[in-house]
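Chemist: Predicted coordinates and the sequence they were generated for:
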Amino acid sequence: MLWALHFSLASEDDFNHLHQMLTTSTCAEIIILGCLSAFIYHFTAGIRHLLMDMNIGDELKSGRLGAILTIIISGLLILMIGIWLW
């Protein structure tokens, strides 16, 4: 992803080439989906941990529920991003 950012900022021609490559390649879309999936899961788990720092959901039963909700919410968001990409 950093390489793509560097490549897109080099020149207008490089940006257009990168844009064409990313919109026509299925492999590139899968890589983008993988990176976004990791970001989405990390973001939702971070929100869960912020709530736990405020003593919300830090007991065993509510912690398990929070973990399940984190997986479900991030899964739904990843599915929405996957539909949007294709």
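Modeler: Thanks, I have the structure now. Keep in mind it's a predicted model, so treat the numbers as computed, not measured.
Chemist: Show me the helices in the protein, by range?
Modeler: When assigned using DSSP state H, the helices of the chain occupy the ranges 2-10, 12-24, 26-53, 60-85.
Chemist: Can you add mean neighbour count and mean pLDDT and give those helices back as a markdown table?
Modeler: Yep, even glycine has a C-beta here, placed from its N, CA and C like the rest. Supplementary listing: those in a markdown table, determined by neighbours: other Cβ atoms under 10 Å; pLDDT from 0 to 100:
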| stretch | mean neighbour count | mean pLDDT |
| --- | --- | --- |
| helix 2-10 | 11 | 89 |
| helix 12-24 | 12 | 90 |
| helix 26-53 | 14 | 94 |
| helix 60-85 | 13 | 95 |
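Chemist: so how far is His17 from the most centrally placed residue in the chain?
Modeler: What sits nearest the mean C-alpha location of the chain, by Cα atoms, centre = their mean, is Leu36, with 2.6 Å. In this structure, Leu36 lies at 22 Å from His17, with Cβ to Cβ, to the nearest Å as the measure.
Chemist: Over to Ser37?
Modeler: For Ser37, the distance to His17 equals 26 Å [Cβ to Cβ].
Chemist: mind checking how far Thr23 is from Trp86?
Modeler: Taken as Cβ to Cβ, the spacing of Thr23 relative to Trp86 amounts to 12 Å.
Chemist: for Arg48, that is, sorry about that
Modeler: In this structure, Arg48 and Trp86 are 29 Å apart, going by Cβ to Cβ.
Chemist: Now do the contacts for the spatially closest residue to Ser37 that is not a sequence neighbour.
Modeler: The shortest distance from Ser37 to any residue other than its chain neighbours is 4.8 Å, reached at Ile78 (Cβ to Cβ, 6 or more residues apart in numbering). Applying Cβ atoms under 8 Å, 6 or more residues apart in numbering to Ile78 gives the contacts Leu33, Leu36, Ser37, Ile40, Tyr41.
Chemist: Repeat the analysis, applying 10 Å as the threshold.
Modeler: Leu33, Gly34, Leu36, Ser37, Ala38, Phe39, Ile40, Tyr41, Thr44 (Cβ atoms under 10 Å, 6 or more residues apart in numbering).
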